[in-house]
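Visitor: Generate a structure from the sequence data that follows.
(one chain, ligands or ions: 1)
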Amino acid sequence: MNMEDKGQRITWTEDNRPLVPERPVIAYIEGDGTGPDIWAAARPVFEAAVKQAYTGKRQIVWHECLAGEKARQASQGGNSLPQATLDDIRSYSIALKGPLTTPVGSGIRSLNVSLRQELDLYACVRPVRYLQHVPSPMRWPEQVQLVIFRENTEDVYAGLEWPAGSPEAGQLISTIRRLQAVPSGSLFSESAIGIKPMSEHNSRRLVRRAVHYALDKGYSSLTLVHKGNIMKFTEGAFRDWGYRVAAEEFPEQTVREDEVDKKHQGRTPDGYLLVKDRIADSMFQQMLLRPEEYGIIATTNLNGDYLSDAAAAQVGGLGMAPGYNQGDRCVVFETTHGSAPKYAGLDKVNPGSLILSGVEMLDFLGWKEAARLIVKALVKTIGQGAVTYDLARQIPGSREVKCSEFGALIVENIEKE
Ligand code: NAD
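Guide: Predicted coordinates:
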């Protein structure tokens, strides 16, 4: 009997919460480029933390799924995202994934985007928290405690665009001109055209997921970020649908910012989730100037793309930012950086993003003790000044270590707990 035979599948409650056995099978994708390097460093960290926290009563049973170059090689040049991988992730329902290279060539979709679309992982979640000792450009980076929920299926991710001068763009331009008067200078016969679809269904499920998270974790505010001042029927509708989700589905737990004065004499009542909205451009200022006023952010696809990288940079951890893509009964935790091919096989890059995505996964499974052990040991290791090259060049007096050494030092610190 191999290890996997002894594991059990995670099941789900009616309201989409995971029921986790003591030995859950977790699907994993090693990833391309530096994927194998960071996995080799990160996996012992997960194993040490689970062993230390639960003294052998719990164990992750890893199930490898092939994707990217490894899948192409296994099928002698065939599919880089095999059906078996999609089926396994669906069936085990939780996966941890390294970075995948997008093959170069026209018409080839990003494997990451394909995976999200095939599994309907409609929320891209990016927790942004400061870790002590990590260099940051902010004066008080510890005030940044954000979790960004970014819509993952429509807006620019719908991929609806046509090149300048193409027959498709031409047809659309004719149709648009028939539908409404277009201000002069803003639409030429040979313009390129992109379409930005946004639906009530997809906006509402994203905001619903963000509200559930905020309530579960005890956050005091949720901010809908949009560009509704300019795009009223798409971005503005996202804001309106978001407010409606809060009011209609969570009336006892949420209160709108503009109703606080009316209903509660200017004070947010204790225990309520304050729901507010901000225009996307002002949100960038707010995150820099008043980060302590923001907790959960729910936003559209393109806004979320910009905001999540900007927020990660504020805590200095672009190379160490965790993330995951979530559907109703399927979650893929994954590195936020790419496959960094020029460093592949050099045992050099920082495994922090994979390790912290694994921490998010453990937390999601309810294995909070193991998650806390890893964060504590990671912070301690950085504090001891032993870091990978990316951090070494920013932390004066630190010592550069290899990717595998960094992982081994974290394991050592876990074992000392
Ligand atoms: P990248 O993130 O792979 O690398 C850009 C630079 O960031 C690297 O040269 C390196 O300096 C730094 N970097 C990345 N990961 C690091 C780490 N763990 N530690 C330290 N430094 C790190 O971005 P790219 O070069 O634009 O993309 C390479 C490939 O990855 C492309 O094919 C792209 O499509 C793919 N990609 C995949 C994902 C994903 O799987 N989620 C995300 C982004 C890009």
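Visitor: So which bits of the stretch 51-200 of the chain are right by the ligand?
Guide: Contact residues, the stretch 51-200 of the chain versus the ligand (Cβ under 6 Å from any ligand atom): Pro99, Leu100, Thr101, Thr102, Ser110, Asn112. The C-beta positions use only the backbone N, C-alpha and C, and glycine is treated the same way.
Visitor: how about TSV for these, with secondary structure, neighbour count and pLDDT added?
Guide: Formatted as TSV, those follow (DSSP: H, G, I helix; E, B strand; the rest coil; neighbours: other Cβ atoms under 10 Å; pLDDT from 0 to 100):
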residue	secondary structure	neighbour count	pLDDT
Pro99	coil	26	96
Leu100	coil	28	95
Thr101	coil	20	92
Thr102	coil	18	85
Ser110	coil	13	83
Asn112	helix	21	89
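Visitor: Show me which positions of stretch 71-80 end up buried.
Guide: By 16 or more other Cβ atoms under 10 Å, the buried positions in stretch 71-80 come out as Ala71, Arg72, Ser80.
Visitor: Those residues in helices, which ones?
Guide: By the criterion of DSSP state H, membership of the buried residues of stretch 71-80 in helices covers Ala71, Arg72.
Visitor: What's the first helix or strand after the host helix or strand of Ala313?
Guide: Element membership for Ala313 (DSSP states H and E) is helix 301-314. Counting by DSSP H and E, the next helix or strand C-terminal to helix 301-314 is strand 324-326.
Visitor: quick one: stretch 400-410 to chain centroid distance?
Guide: Computed by Cα atoms, centre = their mean, to the nearest Å, the chain-centroid distance of stretch 400-410 equals 25 Å.
Visitor: I misspoke; the intended subject was stretch 7-25.
Guide: Distance, stretch centre to chain centre, for stretch 7-25: 21 Å (Cα atoms, centre = their mean).
Visitor: returning to that earlier point: between the buried residues of stretch 71-80, which is nearest Lys196?
Guide: Using Cβ to Cβ, Ser80 comes nearest to Lys196 of the buried residues of stretch 71-80, at 28.8 Å.
Visitor: That closest one contacts Thr101, correct?
Guide: No. Assessed by Cβ atoms under 8 Å, Ser80 is found out of contact with Thr101, at 9.1 Å.
Visitor: circling back to that earlier point, determine which two of the residues of the stretch 51-200 of the chain next to the ligand are furthest apart.
Guide: Pairwise over those, using Cβ to Cβ, the maximum falls at Pro99 and Ser110, 11.1 Å.
Visitor: just to revisit the earlier point, name the residues contacting each of Ser80 and Thr101.
Guide: Contact criterion Cβ atoms under 8 Å, 6 or more residues apart in numbering; residues shared by Ser80 and Thr101: Gly68, Glu69, Leu111.
Visitor: so which of the residues you listed comes closest to Pro197?
Guide: Minimum separation from Pro197 among the shared contacts of Ser80 and Thr101 (Cβ to Cβ) is found for Leu111, which lies at 22.9 Å.
Visitor: Could I get the phi/psi values of the closest residue to the closest one other than its chain neighbours?
Guide: Closest residue to Leu111 in three dimensions, ignoring its sequence neighbours and counting by Cβ to Cβ, 6 or more residues apart in numbering: Leu100, at 4.4 Å. Leu100 has phi and psi values of phi -120, psi 130 when expressed as degrees, to the nearest 10.
Visitor: List the residues that contact Leu100.
Guide: Ile29, Gly31, Asp32, Gly35, Ala67, Gly68, Ser80, Ser110, Leu111, Asn112, Leu115, Ser339.
Visitor: So it versus Tyr389, what's the distance?
Guide: Counting by Cβ to Cβ, to the nearest Å, the separation of Leu100 from Tyr389 is 23 Å.
Visitor: Next: Ala311.
Guide: Using Cβ to Cβ, Ala311 is found at 24 Å from Tyr389.
Visitor: Between these two, which is the more surrounded one?
Guide: Counting neighbours by other Cβ atoms under 10 Å for Ala311 and for Tyr389 shows that Ala311 has the greater number, 26 against 16.
Visitor: Kindly give the local confidence score, pLDDT, for that one.
Guide: We have a pLDDT of 95 for Ala311.
Visitor: For it, which non-adjacent residue is spatially closest?
Guide: Using Cβ to Cβ, 6+ apart and skipping the chain neighbours, the partner closest in space to Ala311 is Val128 (4.3 Å).
Visitor: Let me know the secondary structure of that neighbour.
Guide: Following DSSP: H, G, I helix; E, B strand; the rest coil, we place Val128 in the strand state.
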